[in-house]
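**Q** just the structure for this:
(one chain, ligands or ions: 2)
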Amino acid sequence: MKLHEYQSKNILSQELIQIPKGTVCFDPNAVYEFADTLNGKVVVKAQVLTGGRGKAGGVKIFSSSAQAKKFASSILGTNLVTHQTGNDGALVSSVLVEELLEIQQELYVSISIDSNCKLPFLIVCAAGGMDIEEIAQISPEQILREDIDPLFGLKEYQLRKLIKLLALPDDQSDSFRKFLSAIWDTFQKNDFSLLEINPVVITSDGRLLAADAKIEIDDDAIFRHKEYQKFDNDSEKDLVEKRANDLGLNYIKLDGEVGCVVNGAGLAMATMDIVNETGFQPANFLDVGGGADQQKIVDSLRIILEEKHIQAILINIFGGVLRCDVVANSILEIEKEYPNEIRPFVIRMLGTNSEIASQILQDTKLNIIMVNNLNEASAKIKSFLSSEI
Ligand code: GDP
Ligand code: MN
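**A** Numbering: from 1, shown residues only. Ligands and ions are numbered 1, 2, ... in the order given. The predicted model follows:
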């Protein structure tokens, strides 16, 4: 689960990590009122679950409460498009209003999990801020990395090494060392999968604070933290994804035109690769799960068919516990609901009762193309979609 900046900062402040004075606002009047308590000298930041807000005009600095309110009115309720969102952008339903910091230096700090070596790792850079991605490309030697053994934690020698390489002013070195330690403790204790603070700001009056914060909580650990139940960020999810998740489907919406119905996460990934090889793109990741029943397949197909931009449906089922005849009967049920459906269903079914499934599907009027393997599936999708263009 991703957290908003204001939610992330809330957790950080409980862990005694310094954050700017601020408050989240859901309407422009509240922005005016809070900005006024700071004589109008504030930064107003769109709260969306994506990065790159600064460059996209979602973070603005003001010296009057009226201007801050005006900006909030203009951005609340709109979609902010950043280089990390699609063209649709992300809906701004709240803004974070904060004291304006006088920035002397911006640093980058993050901890995430390296899935290859299966360890958390810390990244630090003395030149943080909005250009961190460019810095990583142009001068990657400035990006410092330390892997962390979760049993031993972030060790003192690792901190000393980083601090030496960063060459911060003496009075800041100590506070930054404590900051990094606190960041690691917070990351581990709270079961995060990502904690990114960009920028960590050193102000002209010598304070060191987390000026931005991005947290992702490991979904598999949420049950251990009752305190996270209050973060219901589901409303930010795509509506189709939300509906699918509510039906118990493991569904992620993607940008392409080929809808995929697959059982098993690994097979679903492989199926997406196959679709990609056709030169077209998958419209979704969907693992119906090994124990799916007829209802779940019908639900899945319905969700996909209601997406009008989807041009072809690829069903890739390896029949085990989920028998192929059950899948075939789901398709018959769908035919009753969508008798005029003309989009092709490319179907590869292997395993339990696959022959019965082929018989069941013999008399349908849907545009069904049975294939024996994934190469054939790919060729059929390619030829159908190419002729459509
Ligand atoms: P992001 O672009 O989505 O990562 O949003 P950030 O919260 O990181 O804000 C983008 C940039 O706005 C930061 O890198 C800072 O340079 C600037 N910024 C944010 N807060 C302040 C502030 O209080 N004072 C000043 N001067 N700049 C700020
Ligand atoms: Mn940032």
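
**Q** isn't A213 right up against S13?
**A** No. Checked against Cβ atoms under 8 Å, the pair A213 and S13 is beyond contact range at 9.8 Å. Where C-beta positions appear, they are placed from N, C-alpha and C, glycine not excepted.

**Q** what sits in contact with each of those two?
**A** I19 (Cβ atoms under 8 Å, 6 or more residues apart in numbering).

**Q** ok, those two, which is more surrounded?
**A** A direct count of neighbours by other Cβ atoms under 10 Å for A213 and S13 places A213 higher, at 23 against 13.

**Q** quick one, domains of this protein?
**A** 21-99, 103-229, 239-388 (automatic domain parsing).

**Q** so which of these comes closest to ligand 2?
**A** domain 103-229 (3.5 Å; Cβ to the ion).

**Q** quote the end-to-end distance of stretch 197-210.
**A** 6 Å (Cα to Cα, to the nearest Å).

**Q** list the buried ones in that stretch?
**A** Within stretch 197-210, the residues that qualify as buried are 197-202, 208-210, counting by 16 or more other Cβ atoms under 10 Å.

**Q** and if you look at stretch 85-95?
**A** Using 16+ other Cβ under 10 Å as the test for burial, stretch 85-95 gives 85, 89-92, 94-95.

**Q** next: stretch 58-78.
**A** 58-60, 62, 65, 67-72, 75-76.

**Q** I'd like the average pLDDT over that stretch.
**A** On average, the pLDDT along stretch 58-78 is 98.

**Q** how about that stretch, does it reach ligand 2?
**A** No. Judged by Cβ under 5 Å from the ion, stretch 58-78 makes no contact with ligand 2; its nearest approach is 8.1 Å.

**Q** centre of the chain to that stretch, how far?
**A** Stretch 58-78 sits 26 Å away from the centroid of its parent chain (Cα atoms, centre = their mean, to the nearest Å).

**Q** C-alpha coordinates for it, PDB please?
**A** Output in PDB follows, covering the C-alpha atoms of stretch 58-78 (Å, rounded to 0.1, in the frame of the first residue of the first chain):
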ATOM      1  CA  GLY A  58       2.000  20.300  -8.200                       C
ATOM      2  CA  VAL A  59       4.300  21.900  -5.600                       C
ATOM      3  CA  LYS A  60       4.300  25.700  -5.400                       C
ATOM      4  CA  ILE A  61       5.700  28.300  -3.000                       C
ATOM      5  CA  PHE A  62       3.700  31.400  -1.800                       C
ATOM      6  CA  SER A  63       4.200  34.500   0.300                       C
ATOM      7  CA  SER A  64       0.500  35.300   0.700                       C
ATOM      8  CA  SER A  65      -2.400  33.200   2.100                       C
ATOM      9  CA  ALA A  66      -4.700  34.500  -0.700                       C
ATOM     10  CA  GLN A  67      -2.300  33.200  -3.400                       C
ATOM     11  CA  ALA A  68      -2.000  29.900  -1.600                       C
ATOM     12  CA  LYS A  69      -5.700  29.600  -1.500                       C
ATOM     13  CA  LYS A  70      -6.100  30.500  -5.200                       C
ATOM     14  CA  PHE A  71      -3.600  27.800  -6.200                       C
ATOM     15  CA  ALA A  72      -5.400  25.200  -4.000                       C
ATOM     16  CA  SER A  73      -8.700  26.100  -5.700                       C
ATOM     17  CA  SER A  74      -7.100  25.700  -9.100                       C
ATOM     18  CA  ILE A  75      -5.600  22.300  -8.400                       C
ATOM     19  CA  LEU A  76      -8.100  20.500  -6.000                       C
ATOM     20  CA  GLY A  77     -10.400  18.200  -7.900                       C
ATOM     21  CA  THR A  78      -8.200  18.200 -11.000                       C
END
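
**Q** tell me which residue of the stretch 151-300 of the chain lies closest to ligand 1.
**A** With Cβ to the nearest ligand atom, the shortest gap between the stretch 151-300 of the chain and ligand 1 falls at D212, namely 3.4 Å.

**Q** can you give me the strands for the stretch 201-350 of the chain?
**A** Ranges of strands in the stretch 201-350 of the chain, per DSSP state E, counting those that start in this stretch, are 208-210, 214-217, 250-253, 258-262, 284-287, 312-319, 345-351.
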